[in-house]
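1. the following comprises the amino acid sequence and a computationally predicted model.
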Amino acid sequence: DTGKRIWESSEGKILNIFGGDENGVVGDGEGGSVVCLDAKTGKKKWTLPGKGIHTIKGIRVLGGSVFVFRDSVTEVSLKTGKVVWQKRVKDPMIGGAVATAGGVVFTGTKDRQFLAFDAKSGRQLWRYRAAGGVNGPPISVSPLPGRCFLNAVEYAHPDGLLIGDGTSPSRRITLRVPRR
């Protein structure tokens, strides 16, 4: 409200802040770790160990949960830092993910899968097989009450990779999310 500094911290060595609430502020730390700082004091609350540099493909904070996207989709309690559930994916996630207020977590993989998980249980709800790797981060749009649409970019390169020289044809895919 005032623009005054509340705290500053070098604890946890957060590289980027992805969100939080009164239970903590979450970001990615060194070596692919996830770090939570106390929102009031800036003191480190917990750390989820890393799996190496550049392994985090996204962190989303939603409703007291932290969703971490690496070689798995992992829900972590924002308050305690304890893993609630974890689901491995066959191929690496490249483009990130989105967690929606409707309780669904979406991500895409290099092996042409667009995946939907229940945010509470981690159960896979559905998947869509795209023409190429789903390497762009998905976005969620709700133009009508009770309806949700997802958009993502897929790349048609045979091995699902994005090539920076402009030779990878891409297209935007839009999916209507089934009602739950």
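-> Cool, got the structure.
2. can you get me a residue count around the nearest residue to Ser77 once chain neighbours are set aside?
-> Counting by C-beta to C-beta, 6 or more residues apart in numbering, the nearest residue to Ser77 once its immediate chain neighbours are dropped is Val84, at 5.9 Å. Using the backbone N, CA and C atoms, a C-beta is placed for each residue, glycine as well. By the criterion of other C-beta atoms under 10 Å, Val84 has 16 neighbours.
3. start the count at 17 instead of 1 going forward.
-> Okay, using 17 as the starting number, the last item reads as Val100.
4. isn't Lys67 up against Asp87?
-> Yes - the criterion here is C-beta atoms under 8 Å, and Lys67 meets it with Asp87 at 7.2 Å.
5. re the thing from before, listing partners with orientation, what would you give for the host helix or strand of the residue nearest to Ser93?
-> Assessed by DSSP states H and E, Val100 sits inside strand 99-104. Strand 99-104 sits in its sheet next to strand 88-93 (antiparallel), going by DSSP bridges.
6. show residues contacting the partner strand.
-> Outside strand 88-93, the residues that touch it by C-beta atoms under 8 Å, 6 or more residues apart in numbering are 50, 64, 80-84, 98-105, 113, 121, 123, 131, 133, 135, 138.
7. adjacent strands (with direction) for the helix or strand following the strand holding Val100?
-> Using DSSP H and E, the helix or strand that follows strand 99-104 in sequence is strand 109-115. Next to strand 109-115 in the sheet, as set by DSSP bridges, lie strand 120-125 (antiparallel).
8. buried subset of the contacts of strand 88-93?
-> Among those, those classed as buried by 16 or more other C-beta atoms under 10 Å are 50, 64, 81-84, 100-101, 103, 105, 113, 121, 123, 131, 133, 135, 138.
9. returning to what we had before: any idea of the mean pLDDT in the strand holding Val100?
-> Average pLDDT, strand 99-104: 93.
10. same deal with stretch 148-155?
-> On average, stretch 148-155 scores 73.
11. next, the buried residues of it.
-> Here stretch 148-155 shows Gly148, Gly149, Val150, Asn151, Gly152, Pro153, Pro154 as buried, counting by 16+ other C-beta under 10 Å.
12. which of these fall within strands?
-> Judged by DSSP state E, those include Gly149, Val150 as members of strands.
13. return the closest of the buried residues of stretch 148-155 with respect to Asp44.
-> Proximity of the buried residues of stretch 148-155 to Asp44 was ranked by C-beta to C-beta; the top entry is Pro153 with 15.1 Å.
14. which residues touch Met135?
-> Quick fix: residue 135 is Ala, not Met. Ala135 makes contacts with Leu78, Gly79, Ser81, Phe83, Glu91, Ala115, Thr116, Gly119, Val120, Val121, as judged by C-beta under 8 Å, 6+ apart.
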